[in-house]
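# Here is a sequence together with a model predicted from it:
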Amino acid sequence: MKSGKLTLSMDAETTRLARMVARKRGKSISALVKEYIVREARGDRNVDVSPEVAQWIGVIDSPKTYRQLRDERIMDRLKKISPKAGGD
């Protein structure tokens, strides 16, 4: 896909925060802005999944939410490590 230029103006504190978040995630500010815009355009508000995981949403036919599936998987892994996990 061909790239285009977009100039953003923001206050110094927001610029500092953008740089900090980008560094923490190992991404450019442009990549962060792109991900945000794509999520908003799709209506994926309040979703706490990475874009890599988001591409798989809808592939599994399950009445459970992503969070429920994720939490079950985490609990299964914890039970293998410690029989006390999960309060059983």
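Looks like it arrived, so ask away.

# Quick check: which ranges of the chain have low pLDDT?
Scanning the chain for pLDDT under 70 picks out the ranges 44-48, 57-60, 83-88.

# now do 90
1-4, 6, 25, 35-70, 79-88 (pLDDT under 90).

# Mind jotting down where the helices sit in it?
12-25, 29-42, 51-54, 66-81 (DSSP state H).

# Okay, buried residues for stretch 17-34 please.
Ala22 (16 or more other CB atoms under 10 Å). To be clear about C-beta, it is placed using only N, CA and C from the backbone, and glycine gets the same treatment.

# er, stretch 52-72 actually
Ala54, Tyr66.

# Straight-line length of it, end to end?
By CA to CA, to the nearest Å, the extent of stretch 52-72 from end to end equals 20 Å.

# got the helices of the chain as a markdown table, with distance to Ser3 columns?
Below are these laid out as a markdown table (distance: least, CB to CB, whole Å):
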| stretch | distance to Ser3 |
| --- | --- |
| helix 12-25 | 17 |
| helix 29-42 | 9 |
| helix 51-54 | 17 |
| helix 66-81 | 31 |
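
# What's the local residue count around Lys5?
Other residues within reach of Lys5, judged by other CB atoms under 10 Å, total 5.

# no wait, Met75
Met75 has 14 nearby residues by other CB under 10 Å.

# now swap in Ser50 and tell me
Ser50 has 10 nearby residues by other CB under 10 Å.

# likewise Ser3?
Around Ser3 there are 6 residues (other CB under 10 Å).

# What are the phi and psi values at it?
When read as degrees, to the nearest 10, the backbone of Ser3 gives phi -90, psi 150.

# any idea how far it lies from Ala18?
19 Å (CB to CB, to the nearest Å).

# One more: Asp76?
37 Å.

# before we move on, what about Tyr66?
Relative to Ala18, and taking CB to CB, Tyr66 is found at 27 Å.

# just Lys27 next, same as before
11 Å.

# what residues go with each domain of this protein?
Using automatic domain parsing, the domains assigned to the chain come out as 1-57, 58-88.
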